[in-house]
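Enquirer: Sequence and predicted structure below; questions after.
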Amino acid sequence: MAVEFGAVTSLIAPDEKTFSYLENKKFAPKGDDFLTAVKEWGSLSRTQRQSLTK
């Protein structure tokens with residue numbers, strides 16, 4: 001919805017699909033560091049979700 005309101009960028013909370021994609025990428029954390037990062041990144045989506053209604 002960010003574009004509809006004239007925003008140039010927007011942030012989207014990561015999910016399991018995002019974590020799976022990043023897991024073996026060249027510059028992603030490896031091993032236990034990756035698990036720690038996923039835990040931290042996962043906390044970014046812990047906010048209350050808003051529903052869009054007219």
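Expert: All right, it came through fine.
Enquirer: In the protein, where is pLDDT below threshold?
Expert: For the chain, applying pLDDT under 70 flags the ranges 1-3, 45-54.
Enquirer: just checking, residue 19 touches residue 39?
Expert: No: taking Cβ atoms under 8 Å as the contact criterion, residue 19 and residue 39 are not neighbours in contact, 10.2 Å apart. Yep, even glycine has a C-beta here, placed from its N, CA and C like the rest.
Enquirer: Pull up the gap between the residue lying closest to residue 44 once chain neighbours are set aside and residue 36, please.
Expert: With Cβ to Cβ, 6 or more residues apart in numbering as the measure, residue 13 is the residue that lies nearest to residue 44, at 5.4 Å, once sequence neighbours are left out. With distances defined as Cβ to Cβ, to the nearest Å, the gap from residue 13 to residue 36 amounts to 18 Å.
Enquirer: cool, residue 8 as well?
Expert: Plainly put, residue 8 is 31 Å away from residue 36 if you go by Cβ to Cβ.
Enquirer: mind listing what's buried in stretch 13-30?
Expert: Within stretch 13-30, the residues that qualify as buried by neighbour count (16 or more other Cβ atoms under 10 Å) are 19, 22.
Enquirer: Now the terminal residues of it, how far apart.
Expert: Stretch 13-30 has an end-to-end distance of 21 Å (criterion: Cα to Cα, to the nearest Å).
Enquirer: which residue is nearest the middle of this protein?
Expert: Of all residues in the chain, the one closest to the mean position by Cα atoms, centre = their mean is residue 14, 1.9 Å from it.
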